[in-house]
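> 3D, please:
(2 chains)
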Amino acid sequence: MLTIKDLRAGIEGKEILKGINLQINPGEVHAIMGPNGSGKSTLASVLAGKEDYEVTGGSVEFMGKNLLELSPEERAGEGLFLSFQYPVEIPGLSTTNFMKTAVNEIRKYRGQEELDAVSFLKMMKEKMALVEIDQAMLSRSLNEGFSGGEKKRNEIFQMAMLEPKLAILDETDSGLDIDAIRIVANGVNKLRNSENAVLCVTHYQRLLNYIVPDYVHVLYNGRIVKSGTKELALELEEKGYDFIKTMAV
Amino acid sequence: MDTITYFKKRFEELQAHPVDGHIKSIRDSAFAEFSQTGIPTVKHEEWKYTRINDFFSKDYHFSTDIKEQQLTAQDLAPFQIPGHEDANLVVFVNGHFNRELSHTRSEELEILSLQEAAGHEKYAPIVKEHLGHSADYHRDGVNALNTAFIQEGVFVHVFRSKEASHPIYLYNVTDARRGNIFAQPRCLIHVAENAKVQIVETYITLGADESFTNQVIEVAVEQDAIFDLYKIQNDAPNSKLVSTTHVHQTGKSIANVVTVSLNGGLIRNNLNMVMSAEYCEANLFGLYLGDQHSHMDNHTVVDNRKPNCLSNELYKGVLNGNATGVFNGKIFVRQDAQKTNAYQSNRNILLSDNASVNTKPQLEIFADDVKCSHGCTVGRLDEEALFYMRSRGISEKAATALLLHGFAQDILEKIQHVTTREFVEQLVADKLHL
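Next up, the predicted model:
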């Protein structure tokens, strides 16, 4: 589904990703862990197509296409989804209207007909239940004045609406209490199936208690320095990132 | 012939027509003012960014020339605002009150010509008390020029303790189908104690020649009255407009003015809110969406003269192409006006390298126990927000439109007359290509 080969990228001339290799197949959950500044969020942003970052080498293939040639909206159309670490507040635009536009733009991209109002509302109702979100919140301006937990639930709600093939969760647990993490993780787990995949970018192991990864990769200084199974996350939690640092030298 | 000499000649001609004594005296003093100052140039501090004097070097018809009005209801039909069949209509054509096209539907108000009101037993004192007060805030010739040539203005009186059952739709039409035209509509609106009225106004230029509308509306909002004014400016690129709205409030009255500028060659709004008694509330909201070569200028004054008044002001602008925006907001808090709450904000988004905005918020406070704030921002469209929306599959164009619509929304929602709000929302959506 996603094949990253020797990906190099940076910002304002400073190289941050220094040759990433990663293969994700349908049905898998991958976690990328690493200390602050290791390049985790950069990787998520580069995959989603953020223009601030410059790709200087390597390739990314997604669903058989060269991902790096696609605009952010085309990537979404192909089935890529990024749950933002800091979801943006947009005054004057309700989540409902935002999602109506997004769902239909993606359907248009895929050559499907637009959803009529009734089908759209039915779909919304189903997905709202997944992340314990209510109608009132969806009528409010997108993310404006939302708590940290509400913002992240709203991200997962959007993920549910757009049914991506690959969801990248960027620090989805940051700033959440344990109840909020559980709600968000439950939402993600209910959306998992054999056709889609999740890439979980996180600093702490705790989210991985709820979204259990098949593979864990440790990112350090722009490279994946160690890969393993979920036990690796526990080992990291126990020994701290210093253990990786000594290993990487 | 220079402008002052030209208008002096016209002013002399005007003397041949009989007029009410009070109107004559304010006309005379206004003309004396005009002949000293003339049309302001960009050297005038209040007109630094807005050049209007060019128009007067061209050939044009002055509205006093055009006595017969050839405009029909069919001519007006394409420009009618939705809901007009259920509204009171006041139509100005080339600055003259057109009775045939106007229509009073509500029993709670009366619409007369200014001349009639000035000779009316009940209304003469109101005319005497309120006509011409906008001049206190505008010593620049333009306001004086309108006052000097008052002829067929309109007087509206909303009866005491009555709520107008229908809004008033005010159309300012200039007929530029046969040459350039300079028109000066004039209104005096009196909202009596505890009365309530909504006014929706728009500007329409017919034809391809140039139009210049120099409009003055003066409003007196009495104790406990509520006055809403929605100014919709969506005129042709060959139009120029100077629109002066002067609202004088007395105790516990509420005045809401929403100005939406969408199209037009040059737009200059002067809006004054004078809070002359305790516990007045004024809300001033504005939205301007400029593109191509349009020029949109909003000058506002909020004058707090007495204690315990509240004013909220928010103006938002989006400028694209070669458009220019100007915002100049003054808040005065007089020495008497303790416990004033006055808020002002101006926010702008520039979409192109050639678009510009000049913004100048000003506070002058002479009282010590007040809460006041002012501020302005000029920025680009939020890149983070754009990327966020695009990452959800929304094209850059659609995302831009949605963001701008969201930006405009908190102004549009201040339009409380639902039919008008929906109409304006559609105009804004069309303009943003939503």
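
> residue B:173 contacts residue B:92, doesn't it?
Yes. Contact criterion C-beta atoms under 8 Å: residue B:173 and residue B:92 qualify, at 6.3 Å. C-betas here are computed from N, CA, C, even on glycine.

> so what does the helix or strand hosting residue B:408 touch, helix or strand wise?
Using DSSP states H and E, residue B:408 falls within helix B:396-412. Here helix B:396-412 touches strand A:90-94, helix A:95-109, strand B:254-263, strand B:281-290, strand B:310-319, strand B:341-350, helix B:383-390, helix B:418-431, going by 3 or more C-beta pairs under 8 Å, 6 or more residues apart in numbering or on different chains; DSSP states H and E.

> and the helix or strand following the second one, how far from the chain's centre?
The helix or strand immediately downstream of helix A:95-109 is helix A:117-130, counting by DSSP H and E. Chain-centre distance of helix A:117-130: 22 Å, with C-alpha atoms, centre = their mean, to the nearest Å.

> please tell me how far the spatially closest residue to residue A:135 that is not a sequence neighbour sits from chain B.
Residue nearest to residue A:135 in three dimensions, not counting chain neighbours: residue A:128, with 7.2 Å by C-beta to C-beta, 6 or more residues apart in numbering or on different chains. Separation of residue A:128 from chain B (C-beta to the nearest C-beta, to the nearest Å): 17 Å.

> is it true that residue A:128 touches residue A:134?
Yes. Counting by C-beta under 8 Å, residue A:128 touches residue A:134, with 6.9 Å between them.

> who does residue B:234 bridge with?
Beta bridges link residue B:234 to residue B:263 when assigned by DSSP bridges.

> distance of it from residue B:403?
Distance, residue B:234 to residue B:403, using C-beta to C-beta, to the nearest Å: 22 Å.

> that older thread, what about residue A:128 and residue A:134, which has more around it?
residue A:128 (18 against 9; other C-beta atoms under 10 Å in any protein chain shown).

> ends of stretch B:155-163, what's the gap?
17 Å (C-alpha to C-alpha, to the nearest Å).

> so how far is it from its chain's centroid?
21 Å.

> and chain B, is the helix or strand harbouring residue A:44 touching that?
Secondary structure assignment for residue A:44, by DSSP H and E: helix A:40-48. Yes. Contact of helix A:40-48 with chain B (C-beta under 8 Å from any C-beta of the partner chain) involves residue A:48.

> what does that helix rub up against?
Residues from elsewhere that reach helix A:40-48 (C-beta atoms under 8 Å, 6 or more residues apart in numbering or on different chains): A:7, A:9, A:11, A:16-17, A:20, A:32-34, A:52-53, A:55, A:60, A:67, A:72, A:75, A:80, A:82, A:85, A:168, A:170-171, A:199, A:201-203, A:219, B:387, B:391.

> contact partners for the closest residue to residue A:4 other than its chain neighbours?
Nearest non-adjacent residue to residue A:4, counting by C-beta to C-beta, 6+ apart: residue A:22, 4.3 Å away. Residue A:22 makes contact with A:2-4, A:30, A:217, A:224, according to C-beta under 8 Å, 6+ apart.

> possible to save those as JSON lines with pLDDT, neighbour count and secondary structure?
What follows is these, written out as JSON lines (pLDDT from 0 to 100; neighbours: other C-beta atoms under 10 Å in any protein chain shown; DSSP: H, G, I helix; E, B strand; the rest coil):
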{"residue": "A:2", "pLDDT": "96", "neighbour count": "22", "secondary structure": "strand"}
{"residue": "A:3", "pLDDT": "96", "neighbour count": "15", "secondary structure": "strand"}
{"residue": "A:4", "pLDDT": "96", "neighbour count": "22", "secondary structure": "strand"}
{"residue": "A:30", "pLDDT": "95", "neighbour count": "22", "secondary structure": "strand"}
{"residue": "A:217", "pLDDT": "94", "neighbour count": "21", "secondary structure": "strand"}
{"residue": "A:224", "pLDDT": "93", "neighbour count": "19", "secondary structure": "strand"}
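
> take the residues you listed and lay them out in TSV including distance to residue B:145.
Shown next, in TSV, are the contacts of residue A:22 (distance: C-beta to C-beta, whole Å):
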residue	distance to residue B:145
A:2	70
A:3	74
A:4	71
A:30	74
A:217	76
A:224	76
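
> which among these gets closest to residue B:184?
Set against residue B:184, the nearest of those by C-beta to C-beta is residue A:2 (68.7 Å).

> kindly state the beta-bridge partners for the closest one.
Under the criterion used (DSSP bridges), residue A:2 bridges to residue A:24, residue A:62.

> and it, how far from chain B?
From residue A:2 to chain B the distance is 16 Å (C-beta to the nearest C-beta).

> contacting residues for that residue?
A:22-24, A:60-62, A:67, A:166, A:197, A:199.

> one more: residue A:222?
Applying C-beta under 8 Å, 6+ apart, the residues near residue A:222 are A:15-20, A:38-39.

> check residue B:358 too.
B:48-49, B:324-327.

> rewinding a little: dump the helices and strands packed on helix B:396-412 to a markdown table, plus mean pLDDT, mean neighbour count and distance to residue B:109.
Formatted as a markdown table, those follow (pLDDT from 0 to 100; neighbours: other C-beta atoms under 10 Å in any protein chain shown; distance: least, C-beta to C-beta, whole Å):
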| stretch | mean pLDDT | mean neighbour count | distance to residue B:109 |
| --- | --- | --- | --- |
| strand A:90-94 | 91 | 20 | 35 |
| helix A:95-109 | 95 | 20 | 39 |
| strand B:254-263 | 98 | 23 | 17 |
| strand B:281-290 | 98 | 24 | 22 |
| strand B:310-319 | 97 | 22 | 26 |
| strand B:341-350 | 96 | 20 | 31 |
| helix B:383-390 | 95 | 21 | 45 |
| helix B:418-431 | 95 | 17 | 18 |
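
> now do the contacts for the closest residue to residue B:112 other than its chain neighbours.
In this structure, residue B:112 finds its nearest non-sequential neighbour in residue B:155, 4.8 Å apart by C-beta to C-beta, 6+ apart. Listed by C-beta under 8 Å, 6+ apart, the contact set of residue B:155 reads B:111-114, B:116-117, B:123, B:127, B:187-190.

> picking up where we left off before, filter the contacts of residue A:222 to the buried ones?
For those, a neighbour count by 16 or more other C-beta atoms under 10 Å in any protein chain shown gives the buried set as A:16-18, A:20, A:38-39.

> pLDDT added to those, as a markdown table?
A markdown table is the format used below for the buried ones among the contacts of residue A:222 (pLDDT from 0 to 100):
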| residue | pLDDT |
| --- | --- |
| A:16 | 95 |
| A:17 | 95 |
| A:18 | 95 |
| A:20 | 95 |
| A:38 | 90 |
| A:39 | 92 |
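
> spatially central, which residue of chain A would that be?
Centroid-nearest residue in chain A, with C-alpha atoms, centre = their mean: residue A:168, separated by 1.9 Å.

> who does it form a beta bridge with?
Beta-bridge partners for residue A:168, by DSSP bridges, are residue A:82, residue A:199.

> which pLDDT value goes with it?
We have a pLDDT of 96 for residue A:168.

> low-confidence regions, the chain specifically.
All of this is about chain A. Low-confidence segments of chain A, defined by pLDDT under 70: A:246-249.

> oops, chain B please
Scanning chain B for pLDDT under 70 picks out the ranges B:64-69, B:434.

> and the residue of it closest to chain A?
Closest approach of chain B to chain A (C-beta to the nearest C-beta) occurs at residue B:406, with a separation of 2.9 Å.
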